[in-house]
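Student: A predicted structure for the sequence below; I have some questions about it.
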Amino acid sequence: MSLIAFAGRRLAQAIPVLLIITVAAFSVIHLVPGDPARVMLGSRATDEAVQVLREQLGLDKPLVTQYLDFLKAAMQLDFGDSLFQRTAIGPIVAARAVHSLALVGYAVLISLVIAVPLALLSAIRRNLLADHVVRALTTLAFCMPSFWTALLLVLLFSIRLKFFPTSGLGDSPLAYLASLTLPAVSIGLYLTPILLRSLRASLIQTLGAEFVEAARARGFGEARILFKHVLRNSLIAMLTILGINVGFLISGAVIVENVFSIPGLGSLMVAAIVQRDYPVIVALTLVFGVVVVAANFLVDLSYALLDPRIRQ
Amino acid sequence: MQTASSPTPLLAARDLSVGLVNRHGAFLATNRVSLAVDRGQSLGLLGESGCGKSITLRALLGLVPHPGEIVGGSVTWKGRDWRSLSKSEIRRIRGKDIAMIFQDPASCLNPVFTIGDQVTETLRLKLALKAKAARELARDLLDQVGIPAPEERLRLYPHQLSGGMRQRVMIAMAIATEPDLLLADEPTTALDVTIQDQILTLLARLKERNRMAMILVSHDVGVVAQNCDFIAVMYAGHIVEWGPTHDVLRTPRHPYTRGLLAAIPRLEVSGGRHPLQTIAGAPPTPGELPEGCPFRLRCPSARPECATIPVTLDRKPPDHGSACPIVM
């Protein structure tokens, strides 16, 4: 089966999942005990205000009609207005999503750049000094809470060395990148040990494979064997873990976002929950669901690119 | 034709001892193994699983898996000691002068590259061919080893081929450089009996055509008998008997060889049922070898002095030698 057919089939399989996510997101408002409009406005709201909100949110219509309206609007990225900010949710979420995706993408890049070479080193020197050092350091990095890592990074690189800004986002592309560097490193340091350990384990397993011995018997050099034959066969487990973590980090980077005052999706989510801004919560539930589905789709696609047996 | 007793055989191992490590600790997988082959000759290494025959084959190519290592003796290739060769010289010899094929062709090909990628990679590296020439030679080679529609096969992945076809691909890569010596580690064990026969016939034909030497490792007496000029019988890391195939099979001298040959099931036309003979007991656990002759605890002819005798062949190859001084 060709790669395109494989991708098409995986996309088709994602459709029911996406529909279930829309049902879940839609249900957010209706799972609130009591009258959603009154809960949103608080106990001191007037009956008129509640009635206006009910009509504004379409809560007076039948449930099925409400869902279909919601679905239609969501397809056009129309999620209504934020109760708190009084502006359309779509553009707010989109602007935040850009920062979150940039942050997580940058963090993934950093952790791959650290994890892949170190995993290779660990695997070929397994149970020797280099391997122990790598594993000890990455375990240490993994044990540090990310807000603590973030604060230490700020202390050293922003306050002492003044390499990077302490918070906020720069305007020019370079300044933007610079302001995302420390937060991305904080997240990357959390991600690196996870990726490294799974890649190291796969590499060690693949290094013991018979085709590796057969390649040595054919007089192939160790570098060719490692980078061409072993690495490609060992990436799948790491990509699986990466996919899961990317889905999680898009919404879960809230602590790092707060430390560095980055207006990302995580902090928007927390603010929306605190402010009982239900339309925003609904929109974010949907966005996070779609991000997880998309991340998994990309992981599936990369499996198929790496291993022809999966295309079958 | 030279014989294995000539002054510089193609490949020779002298007193080769390989140490391996398992969960019980370090042990000797082969113990002072000596063997030699010459151009056009074939030697069969015969023995049960775990007797050290496969590890002997790997040691001949310097491929003992870490943390195992060669702890004694030497291997010489065309009179040159492996230890005197540089890493790049060893890499040149591997896959060019000495090729190897393995037991399980399913796991010896990289699952994520096409057959064409893998065959041409070998050709480009070992024969310094350009991409196009390598592709053409790859197609020729697949044709030579009896793979139909080679052009299409080159585009397939290993999992899309049958076991027999995969072994043919391995053989095609092995013979591409017209090696002087082919090391074959149980090359037909994972295959159906009919395919097994085709592969062995193919190997015999290639050996004849290229005057290639071959060391064939097998636990199957029939496979070794049909394909080898000489047999070396291994038990618990020692070569216990060595000789021309015909002599060893007709007049086995070592009690272990006799037991091994008696344990082959026969189809009797004349009727009457003969219970299958077996060798009593089990092969010793690596690292727990008895003193003296390693076979003495299972040997029907064992005597007290067996505990002190050294395991050495009484006649040097190519003569028919046995390591048992008791049974003559």
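Tutor: Received it, and whenever you're ready, just let me know what you need. Residues are numbered from 1 along each chain as shown, chains lettered A, B, ... in the order given.

Student: what segments of the stretch 51-200 of chain B are strands?
Tutor: Counting by DSSP state E, counting those that start in this stretch, the stretch 51-200 of chain B has strands at residues B:69-77, B:80-81, B:98-101, B:181-185.

Student: anything in the one helix or strand A:Val108 maps to near chain B?
Tutor: Take DSSP states H and E as the rule and A:Val108 turns out to sit in helix A:89-124. No. Helix A:89-124 lies apart from chain B when judged by Cβ under 8 Å from any Cβ of the partner chain; the minimum separation is 10.2 Å. Where C-beta positions appear, they are placed from N, C-alpha and C, glycine not excepted.

Student: that helix: how far from the chain's middle?
Tutor: Offset of helix A:89-124 from its chain centre (Cα atoms, centre = their mean, to the nearest Å): 8 Å.

Student: buried ones in the helix or strand that comes right after it, by neighbour count?
Tutor: Going down the chain from helix A:89-124, the next helix or strand is helix A:129-143, by DSSP H and E. Neighbour-count burial for helix A:129-143, counted by 16 or more other Cβ atoms under 10 Å in any protein chain shown, picks out A:131, A:134-135, A:138, A:141.

Student: closest one of the residues you listed to chain B?
Tutor: Using Cβ to the nearest Cβ, A:Asp131 comes nearest to chain B of the buried residues of helix A:129-143, at 13.3 Å.

Student: surely that closest one meets A:Ser122?
Tutor: Yes. Counting by Cβ atoms under 8 Å, A:Asp131 touches A:Ser122, with 4.5 Å between them.

Student: can you redo the strands of the stretch 51-200 of chain B as a markdown table with mean pLDDT?
Tutor: What follows is the strands of the stretch 51-200 of chain B, written out as a markdown table (pLDDT from 0 to 100):
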| stretch | mean pLDDT |
| --- | --- |
| strand B:69-77 | 92 |
| strand B:80-81 | 92 |
| strand B:98-101 | 94 |
| strand B:181-185 | 94 |
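
Student: chain A: which of the ones you listed is closest?
Tutor: Closest of those to chain A is strand B:98-101, at 4.1 Å (criterion: Cβ to the nearest Cβ).

Student: which neighbouring elements make contact with the closest one?
Tutor: Judged by 3 or more Cβ pairs under 8 Å, 6 or more residues apart in numbering or on different chains; DSSP states H and E, strand B:98-101 is in contact with helix A:210-217, helix B:163-175, strand B:181-185.

Student: B:Trp77 against B:Asp97, yeah?
Tutor: Yes. Assessed by Cβ under 8 Å, B:Trp77 is found in contact with B:Asp97 at 7.3 Å.

Student: between these two, tell me which one has more neighbours.
Tutor: B:Trp77 (23 against 18; other Cβ atoms under 10 Å in any protein chain shown).

Student: phi, psi of the closest residue to that one other than its chain neighbours?
Tutor: In this structure, B:Trp77 finds its nearest non-sequential neighbour in B:Leu11, 5.6 Å apart by Cβ to Cβ, 6 or more residues apart in numbering or on different chains. The phi/psi pair for B:Leu11 (degrees, to the nearest 10) reads phi -130, psi 130.

Student: show me what contacts B:Leu11?
Tutor: Going by Cβ atoms under 8 Å, 6 or more residues apart in numbering or on different chains, B:Leu11 touches B:36-37, B:60, B:75-78, B:98, B:181, B:213, B:215.

Student: run the last query once more with 10 Å
Tutor: B:Leu11 is in contact with B:4, B:35-38, B:43, B:60-61, B:75-79, B:82, B:97-98, B:180-181, B:183, B:213, B:215, counting by Cβ atoms under 10 Å, 6 or more residues apart in numbering or on different chains.
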